[in-house]
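> everything below, folded, please.
(chains A and B)
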Amino acid sequence: AQTVTQSQPEMSVQEAETVTLSCTYDTSESDYYLFWYKQPPSRQMILVIRQEAYKQQNATENRFSVNFQKAAKSFSLKISDSQLGDAAMYFCAYEGRRGGADGLTFGKGTHLIIQP
Amino acid sequence: KAGVTQTPRYLIKTRGQQVTLSCSPISGHRSVSWYQQTPGQGLQFLFEYFSETQRNKGNFPGRFSGRQFSNSRSEMNVSTLELGDSALYLCASSLAGGRTSERGYTFGSGTRLTVV
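So this is what the prediction gives:
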């Protein structure tokens, strides 16, 4: 079974600075997807960024980028120029070969605090 | 384009009762997944429906069940409620239920169930 571990229950960063959230995972599959989801107080999970395991290039979405190290099974999220609206719970998630049929496996989450 | 709609938003039930939660996916999405979110266990996969068929179920007792209708709307039912069933129940939809598209899953805002 796959596992996803987020070792930082809470992170704090000053507005406009850069913060990195960590995620490690364990799997025996070679073809999978990894995600970072954001959950603000509104409760809706919002997709931040997605990485396909067979792509060596790290995914980037505006201020959000990942450092995907497949051999190390590490998938960290870097948020540049942090904004107050970035404050939320962030979840790392894994999708295996069977996709939706097996559901996503989530980490326990990191609570990101943005200090003005 | 309407998002994923979950009703009701909040629900309070008594131990031993049963409850039904509803999820309307994005138009055109045929796969609906359900997740339970609690502070202790985090996000856990309940089950996934595609074309009215349950394709997989997570590690939950038989008290948790669901169904999907021909219009892709889904309901989940919990019978003989226990205090430990208090949680946020999230629904997610995707186009075909296999490997997700670049947009990943689209989540609803959840139903907050409190069992007293």
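
> so what's the residue count around the residue of chain B found nearest chain A?
Closest approach of chain B to chain A (C-beta to the nearest C-beta) occurs at B:Phe45, with a separation of 3.1 Å. Backbone N, C-alpha and C define where each C-beta goes, glycine included. Other residues near B:Phe45 come to 21 when the count uses other C-beta atoms under 10 Å in any protein chain shown.

> hang on, it packs against A:Ala101?
No - taking contacts as C-beta atoms under 8 Å, B:Phe45 lies outside contact range of A:Ala101: 10.3 Å.

> mutual contacts of the two, please.
B:Asn56 (C-beta atoms under 8 Å, 6 or more residues apart in numbering or on different chains).

> how about the nearest residue to the most centrally placed residue in chain A, chain neighbours excluded?
Taking C-alpha atoms, centre = their mean, the centroid of chain A lies closest to A:Trp36, which sits 3.0 Å from it. Closest residue to A:Trp36 apart from its sequence neighbours, by C-beta to C-beta, 6 or more residues apart in numbering or on different chains: A:Val48 at 4.3 Å.

> show me what from chain A comes close to chain B.
Selection of chain A residues close to chain B by C-beta under 8 Å from any C-beta of the partner chain yields A:33, A:35, A:37, A:42-47, A:50, A:91, A:95, A:98-109.

> can you say which of the residues you listed are buried?
Using 16 or more other C-beta atoms under 10 Å in any protein chain shown as the burial test, the residues of chain A next to chain B include A:33, A:35, A:37, A:43-45, A:47, A:50, A:91, A:95, A:99-109 as buried.

> now do the strands in chain A.
A:3-5, A:10-14, A:19-21, A:24-26, A:33-39, A:46-52, A:60-61, A:64-69, A:74-79, A:88-95, A:105-106, A:110-115 (DSSP state E).

> helices and strands around the first one, which ones?
Read it as strand A:3-5. Strand A:3-5 is packed against strand A:24-26, strand A:88-95, strand A:105-106, with contacts defined by 3 or more C-beta pairs under 8 Å, 6 or more residues apart in numbering or on different chains; DSSP states H and E.

> ok, the longest one next?
Contact here means 3+ C-beta pairs under 8 Å, 6+ apart; on that basis strand A:88-95 packs against strand A:3-5, strand A:33-39, strand A:74-79, strand A:105-106, strand A:110-115.

> need the contact list for the residue of chain B closest to chain A.
With C-beta under 8 Å, 6+ apart, B:Phe45 has these contacts: A:Asp102, A:Gly103, A:Leu104, A:Thr105, B:Ser33, B:Trp34, B:Tyr35, B:Asn56, B:Gly58.

> endpoints of stretch A:54-67, how far apart?
With C-alpha to C-alpha, to the nearest Å applied, stretch A:54-67 spans 14 Å between its terminal residues.

> give the buried residues for that stretch.
For stretch A:54-67, burial by neighbour count (16+ other C-beta under 10 Å) applies to A:Ala59, A:Phe64, A:Ser65, A:Val66.

> from chain B, how far out is the second one?
Spelled out, that is A:Phe64. Computed with C-beta to the nearest C-beta, to the nearest Å, the distance linking A:Phe64 and chain B is 14 Å.

> quick check: bridge partners of that residue?
On the basis of DSSP bridges, A:Phe64 is bridged to A:Glu61, A:Ile79.

> that one reaches A:Ile79, doesn't it?
Yes - counting by C-beta under 8 Å, A:Phe64 touches A:Ile79, with 5.9 Å between them.

> going by proximity to chain B, name the top residue of chain A.
Closest residue of chain A to chain B, C-beta to the nearest C-beta: A:Gly103 (3.1 Å).
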